[in-house]
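Asks: Structure here, sequence nowhere to be found:
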């Protein structure tokens, strides 16, 4: 017997595989390109490769989680052995799912922090190309990006031990009437822990949306500055497109979290599975691929960290007038 959502999980898995293959191809290409680049272009490629690896791990874990869910659902609907065998298999499946989710969360939070920093540095790099100096606002954006990335990273790290402690309690005590009695202190502790996880996740998604809005505003400012610079306006347009995708993804993650956890039963529908592909995984993949193509195009790199090319004479850098005349 198969549960009704199984085809949708397979469909989502196939679309995730497509994203993994696209990122893997770009990752292989970036390895061959990085050896011929000088700093900071080399550093930008290496940084991007790390993000790609982390997000590919995240996607592979998402695929694994789908397979575990399908197998568990079929176990629930079609198990024919003894009840003890059923519960043993069920709890083993949940334990595996927990490990997969922890790996997925860890890879995701590191990748998200690095991507946030990369997007802000891309904007600062574009402004540096135009003005040939780093302004106070660019430095402020860098420190804000680092601060928010660190806060969000620490916030998600704080969730991991709670997940490891309280999530197993929800399935290891199934059928234990004492556990779920009204006067059970263990049940109360479990509910407080699960609520804390939900609230921390909500805080993370809110901060993620705030940073996405900030990146979108910054990209709009960069786009405005490049409105008359024909030669490199395409980079600014690409940055704005990535910022829009970054915002759409952050908005979806927040709305999905609120709707699934706070307004529904916690079970995703077919629409949730498909929307998660088109509003979460694919936009993130598109951002990474766009960064890759920009890294190919911008020979000098996409960052504004202190690098040798920034300490060269002004004659070696194009002037604002030259940029505008091209």
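Replies: It's in. These numbers come from a predicted model, not from an experiment. Numbers count the residues shown, from 1 in each chain.
Asks: Helix or strand: which one has the most centrally placed residue in the chain?
Replies: Centroid check for the chain by CA atoms, centre = their mean gives residue 112 as the closest residue, at 4.4 Å. Per DSSP states H and E: residue 112 is located in helix 83-131.
Asks: Quick one: list the elements packing against that helix.
Replies: helix 41-78, helix 136-172, helix 185-225, helix 233-257, helix 282-297, helix 320-325 (3 or more CB pairs under 8 Å, 6 or more residues apart in numbering; DSSP states H and E). Where you see a C-beta, it was placed from the backbone N, CA and C, and this is true even at glycine.
Asks: Out of the ones you listed, which gets nearest to residue 273?
Replies: Nearest to residue 273 among these is helix 41-78; the distance by CB to CB comes to 8.8 Å.
Asks: Please identify the buried residues of the closest one?
Replies: 41, 43-45, 47-49, 51-52, 54-66, 68-70, 72-73 (16 or more other CB atoms under 10 Å).
Asks: How much space separates residue 13 from residue 23?
Replies: 16 Å (CB to CB, to the nearest Å).
Asks: can you check residue 143 too?
Replies: Distance from residue 143 to residue 23, by CB to CB: 30 Å.
Asks: ditto for residue 229
Replies: 31 Å.
Asks: And residue 14, by the same measure?
Replies: Counting by CB to CB, the gap from residue 14 to residue 23 is 15 Å.
Asks: Between the two, point out the one with more neighbours.
Replies: Applying other CB atoms under 10 Å to residue 14 and residue 23 shows that residue 23 carries more neighbours, namely 21 against 11.
Asks: So for residue 101, what's the nearest residue that isn't a sequence neighbour?
Replies: Nearest residue to residue 101 in three dimensions, chain neighbours excluded: residue 65, at 6.5 Å (CB to CB, 6 or more residues apart in numbering).
Asks: For residue 96, see how far away that neighbour is.
Replies: 9 Å.
Asks: try residue 43
Replies: Residue 43 is 38 Å from residue 96, by CB to CB.
Asks: swap in residue 126?
Replies: 45 Å.
Asks: Test for you: state the pLDDT assigned to residue 292.
Replies: Looking at residue 292, its pLDDT stands at 87.
Asks: for it, what are its contacts?
Replies: 26, 29, 30, 48, 52 (CB atoms under 8 Å, 6 or more residues apart in numbering).
Asks: Need these in CSV (columns: distance to residue 158).
Replies: Below are the contacts of residue 292 laid out as CSV (distance: CB to CB, whole Å):
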residue, distance to residue 158
26, 33
29, 37
30, 33
48, 28
52, 26
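Asks: So which of those residues is the closest to residue 131?
Replies: Using CB to CB, the contacts of residue 292 come closest to residue 131 at residue 48, 24.5 Å.
Asks: Touching, residue 116 and residue 144? I think so.
Replies: No: checked against CB atoms under 8 Å, the pair residue 116 and residue 144 is beyond contact range at 9.9 Å.
Asks: Give the residue from these two that has the larger number of neighbours.
Replies: For residue 116 versus residue 144, neighbours defined as other CB under 10 Å are more numerous around residue 116 (23 against 15).
Asks: Please name the residues that touch the closest residue to the more buried one other than its chain neighbours.
Replies: Leaving aside its sequence neighbours, residue 116 sits nearest to residue 149 (CB to CB, 6+ apart; 5.0 Å). Taking CB under 8 Å, 6+ apart as the criterion, residue 149 is in contact with 112, 113, 114, 116, 117.
Asks: Over to residue 225?
Replies: 126, 127, 130, 236.
Asks: Please report how far it lies from residue 149.
Replies: For residue 225, the distance to residue 149 - CB to CB - is 24 Å.
Asks: With residue 172 instead?
Replies: Residue 172 is 35 Å from residue 149, by CB to CB.
Asks: Equivalent analysis for residue 87, please.
Replies: 42 Å.
Asks: circling back: same list (the contacts of residue 149) but as CSV, adding pLDDT and distance to residue 273.
Replies: Shown next, in CSV, are the contacts of residue 149 (pLDDT from 0 to 100; distance: CB to CB, whole Å):
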residue, pLDDT, distance to residue 273
112, 95, 21
113, 93, 26
114, 93, 27
116, 94, 26
117, 90, 30
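Asks: Any regions of this structure where pLDDT drops low?
Replies: Low-confidence segments of the chain, defined by pLDDT under 70: 1-5, 34-42, 78-81, 173-184, 263-268, 298-326.
Asks: cutoff 50 now
Replies: Residue ranges of the chain with pLDDT under 50: 1-2, 178-182, 265, 304-326.
Asks: Based on its surroundings, how many neighbours for residue 150?
Replies: Look at residue 150: counted by other CB under 10 Å, it has 12 neighbours.
Asks: Let me see the contact set for it.
Replies: residue 113.
Asks: likewise the one 10 residues further on?
Replies: Going by CB under 8 Å, 6+ apart, residue 160 touches 102, 105, 106.
Asks: Looking at those residues, which one is closest to residue 168?
Replies: Once CB to CB is applied, the member of these that ends up nearest residue 168 is residue 102, at 11.4 Å.
Asks: ok so, going back, looking at residue 126 and residue 96, which is more packed in?
Replies: residue 126 (25 against 16).
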